[in-house]
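# Pasting the sequence and the predicted model now:
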Amino acid sequence: MALKITVIGTGYLGATHAAAMAELGFEVLGLDVQPEKIEMLRRGEVPMYEPGLEELLRRHVAGFDGSTGRLRFTTSYEEAGAFGDVHFVCVNTPQKHGEYACDMSYVEAAFDSLAPHLTRPVLVVGKSTVPVGSAARLAQRLAAAAPAGADAELAWNPEFLREGFAVQDTLHPDRIVAGVTSERAEALLREVYATPIAEGSPFIVMDYPTAELVKTSANSFLATKISFINAMAEVCEAAGGDVVKLAEAIGHDERIGKKFLRAGIGFGGGCLPKDLRAFMARAGELGADQALTFLREIDSINMRRRGHMVELARDAVGGSFLGKRVAVLGATFKPDSDDVRDSPALNVAGQIHLQGGQVTVYDPKGMANAKRVFPTLGYAESALEAVRGAHVVLHLTEWREFRELDPGVLGEVVAERSVLDGRNALDPALWRKAGWLYRALGRPSA
């Protein structure tokens with residue numbers, strides 16, 4: 001008999017996972033405590049922008065013309081408990097207000113709400129990013145509260161989604177991590193992921209603590225690599241070097257690799273910064289805080305880049321933003337997303353606005369979310385309108401649309417042809433040929 005799957009939490013992770021499980025052939029029931037989110041998903045609409053997700057959703061949502069009908073949604077934990085053989089918990093774990101530590105309240109609430117309805121042998125699978133040690137505690141909590149007792153098992157299966165590539169990363173993962181304590185739990189996860197395993201995705205079995213550490217360790221390593229090249233950008237500016245050429249040269253070393261060596265205004269989003277800080281907080285609780293003290297500097301370098309871009313922009317307009325128009329191209333923390341959480345681009349725009357600059361922002365997908373976070377900024381419906389009358393143009397999110405802009409056309413509407421490339425993604429020669437003063441982070445001589 002085919003497994004039935006529930007997905008608890010239908011945010012970015014949950015909605016993607018639910019649609020992908022239906023694509024893999026399973027009957028899926030998605031659950032969320034927010035009725036408005038459930039109604040949206042039932043209409044085949046997603047609450048965020050993610051390439052390919054809405055199309056995937058509509059292929060499987062019940063009641064949608066031409067769909068398989070394998071995917072339904074509910075707000076009822078009782079219905080979910082009766083339906084599922086495998087329950088994936090995909091709720092958010094934000095940073096605690098005023099602290100570095102992770103807020104586990106949503107995960108704990110999901111477990112507490114689901115457990116009373118588990119009356120038969122099932123597997124609950126945690127996918128949320130949690131502090132190491134959480135899984136063992138939640139496993140005990142689950143067995144104590146579920147009528148099925150110890151037959152309500154727990155596995156930890158961290159997610160590794162990249163915004164902009166989430167559908168691909170779920171259907172064709174570069175690895176599947178399974179933190180389990182029994183052969184039965186391992187066998188059920190192998191059944192769930194049989195298709196990607198058959199395609200060659202590595203299936204790595206381990207204990208709970210190691211599985212929990214994989215995600216935070218991976219994010220910390222990635223953040224370290226990004227902040228390293230940004231630190232080198234600072235040195236390049238002081239020494240008159242070119243960080244882009246530096247990155248190209250060291251990237252040819254196979255021990256280092258070329259990916260994530262593009263210097264810029266740093267990382268943001270809803271995962272990397274808060275995961276980094278939660279990892280440091282948990283290491284301190286475990287008495288291993290000295291092992292991760294370097295992450296504080298990684299975080300510091302990252303935040304410093306935003307302030308440096310503001311300084312460069314101020315210098316570019318003559319030392320003061322008062323009476324100056326500043327165009328900001330980009331609002332999301334990365335391209336191919338509408339996510340503006342902890343966005344470096346919006347942070348820079350907000351700082352300039354607070355210092356008296358007249359800021360106009362344009363982003364291909366993040367405008368609505370940006371307006372909710374920073375309603376006092378100006379917004380334009382196109383890049384051309386955003387730069388109209390600008391004394392300096394800031395390129396802060398590396399959308400393809402921005403790389404393909406015609407600097408000659410933009411030059412006709414700006415007050416001054418001055419551009420600051422905060423992502424080192426534009427072609428300096430092309431912009432200079434069109435008469436622009438081009439400046440980029442870590443490239444004083446470029």
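Yep, it's here. Since we're looking at a predicted model, the values are computed, not measured.

# where does the stretch 201-350 of the chain dip in pLDDT?
Residue ranges of the stretch 201-350 of the chain with pLDDT under 70: none are present.

# which residues sit in contact with residue 109?
Contacts here follow CB atoms under 8 Å, 6 or more residues apart in numbering; on that basis residue 109 touches residue 91. Glycine gets a C-beta too; all of them are placed from N, C-alpha and C.

# element containing it, please.
Assigned by DSSP states H and E, residue 109 belongs to helix 105-114.

# so the helix or strand following that helix versus helix 105-114, what angle?
Heading C-terminal from helix 105-114, the first helix or strand you meet, by DSSP H and E, is strand 122-126. Between the axes of strand 122-126 and helix 105-114, defined by axes from the mean of the first three to the mean of the last three CA atoms, to 10 degrees, the angle is 170 degrees.

# returning to that earlier point: what is the mean pLDDT for the helix holding residue 109?
Per-region confidence: helix 105-114 scores 96 on mean pLDDT.

# Who are the contact partners of residue 10?
Residue 10 makes contact with 18, 30, 31, 32, 37, 38, 41, 47, 73, 90 under the criterion CB under 8 Å, 6+ apart.

# which one of these has the most neighbours?
Taking other CB atoms under 10 Å to define a neighbour, the member of those with the most is residue 18, carrying 33 neighbours.

# can you tell me which residues contact it?
Contacts were defined as CB under 8 Å, 6+ apart; by that measure residue 18 touches 7, 10, 28, 30, 71.

# The same query, at a cut-off of 6 Å, please.
By CB atoms under 6 Å, 6 or more residues apart in numbering, the contact list for residue 18 reads 7, 28, 30.

# can you give me the offset of the strand or helix carrying residue 351 from its chain's centre?
Secondary-structure assignment from DSSP H and E places residue 351 in helix 344-354. For helix 344-354, the separation from the chain centroid amounts to 20 Å (computed by CA atoms, centre = their mean, to the nearest Å).

# ok, then the element right after it?
By DSSP H and E, the next helix or strand past helix 344-354 is strand 358-362.

# who touches that following strand?
Counting by CB under 6 Å, 6+ apart, residues outside strand 358-362 touching it are 325-328, 331, 349, 352-353, 377-380, 383, 386.

# what does stretch 400-409 give?
For stretch 400-409, with CB under 6 Å, 6+ apart as the criterion, the contacting residues are 329, 364, 383, 395, 425, 431, 434, 436.

# Could you do stretch 244-256 as well?
Residues external to stretch 244-256 that are found in contact with it (CB under 6 Å, 6+ apart): 229, 232, 258, 261, 424.

# Go through the residues you listed and name the one nearest residue 24.
For residue 24, the closest of the contacts of stretch 244-256 turns out to be residue 258, at 32.3 Å, with distances computed as CB to CB.

# about what we covered before: is it possible to export the contacts of strand 358-362 to a markdown table including secondary structure, distance to residue 181 and neighbour count?
Formatted as a markdown table, these follow (DSSP: H, G, I helix; E, B strand; the rest coil; distance: CB to CB, whole Å; neighbours: other CB atoms under 10 Å):
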| residue | secondary structure | distance to residue 181 | neighbour count |
| --- | --- | --- | --- |
| 325 | strand | 60 | 22 |
| 326 | strand | 55 | 29 |
| 327 | strand | 55 | 30 |
| 328 | strand | 50 | 34 |
| 331 | coil | 44 | 29 |
| 349 | helix | 48 | 28 |
| 352 | helix | 52 | 24 |
| 353 | helix | 52 | 19 |
| 377 | coil | 50 | 20 |
| 378 | strand | 55 | 17 |
| 379 | strand | 51 | 19 |
| 380 | coil | 55 | 18 |
| 383 | helix | 53 | 23 |
| 386 | helix | 54 | 26 |
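
# if we take those residues, which one ends up nearest to residue 110?
Using CB to CB, the shortest approach to residue 110 within those belongs to residue 331, at 30.9 Å.

# Please name the nearest non-neighbouring residue to residue 72.
The shortest distance from residue 72 to any residue other than its chain neighbours is 4.8 Å, reached at residue 62 (CB to CB, 6 or more residues apart in numbering).

# For that neighbour, report the pLDDT, please.
Confidence at residue 62, expressed as pLDDT, is 84.

# Report the buried members of the contacts of stretch 244-256.
Buried positions within those, assessed by neighbour count (16 or more other CB atoms under 10 Å), are 229, 232, 261, 424.

# doesn't residue 90 make contact with residue 106?
No - counting by CB atoms under 6 Å, residue 106 sits too far from residue 90 to count as a contact (10.2 Å).

# Quick check: residue 182 vs residue 402, distance?
Residue 182 sits 51 Å away from residue 402, going by CB to CB, to the nearest Å.

# Also residue 321?
For residue 321 relative to residue 402 (CB to CB), the value is 22 Å.

# Residue 358 and residue 415: what is the separation?
Plainly put, residue 358 is 11 Å away from residue 415 if you go by CB to CB.

# between those two, which one's more packed in?
In this view residue 358 and residue 415 are compared by other CB under 10 Å, and residue 358 has more residues nearby, 18 against 15.

# Residues in a beta bridge with the more buried one, which ones?
residue 325 (DSSP bridges).

# what's the neighbour count on residue 298?
Residues contacting residue 298 under the criterion other CB under 10 Å number 21.

# what does residue 164 give?
Neighbouring residues of residue 164 were enumerated by other CB under 10 Å; the total is 18.

# I figured it was touching residue 339, is that so?
No - contact between residue 164 and residue 339 fails when scored by CB under 6 Å: they sit 9.4 Å apart.

# re the thing from before, tell me which residues are up against the helix holding residue 351.
265-266, 268, 306, 309-310, 321, 326, 328, 330-331, 340, 359, 361, 370, 374, 377, 396-397.

# Give me the angle between it and strand 358-362.
160 degrees.

# Go through helix 344-354 and flag the buried ones.
344, 345, 346, 347, 348, 349, 350, 351, 352, 353.

# List every C-alpha atom in it, with coordinates, as PDB.
Coordinates of the C-alpha atoms in helix 344-354 are reproduced here as PDB (Å, rounded to 0.1, in the frame of the first residue of the first chain):
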ATOM      1  CA  PRO A 344      21.200  43.800   2.200                       C
ATOM      2  CA  ALA A 345      19.800  45.800  -0.700                       C
ATOM      3  CA  LEU A 346      16.800  47.100   1.400                       C
ATOM      4  CA  ASN A 347      19.000  47.700   4.400                       C
ATOM      5  CA  VAL A 348      21.300  50.000   2.300                       C
ATOM      6  CA  ALA A 349      18.300  51.800   0.800                       C
ATOM      7  CA  GLY A 350      16.800  52.300   4.200                       C
ATOM      8  CA  GLN A 351      20.100  53.700   5.700                       C
ATOM      9  CA  ILE A 352      20.400  56.200   2.800                       C
ATOM     10  CA  HIS A 353      16.800  57.300   3.200                       C
ATOM     11  CA  LEU A 354      17.400  57.900   6.900                       C
END
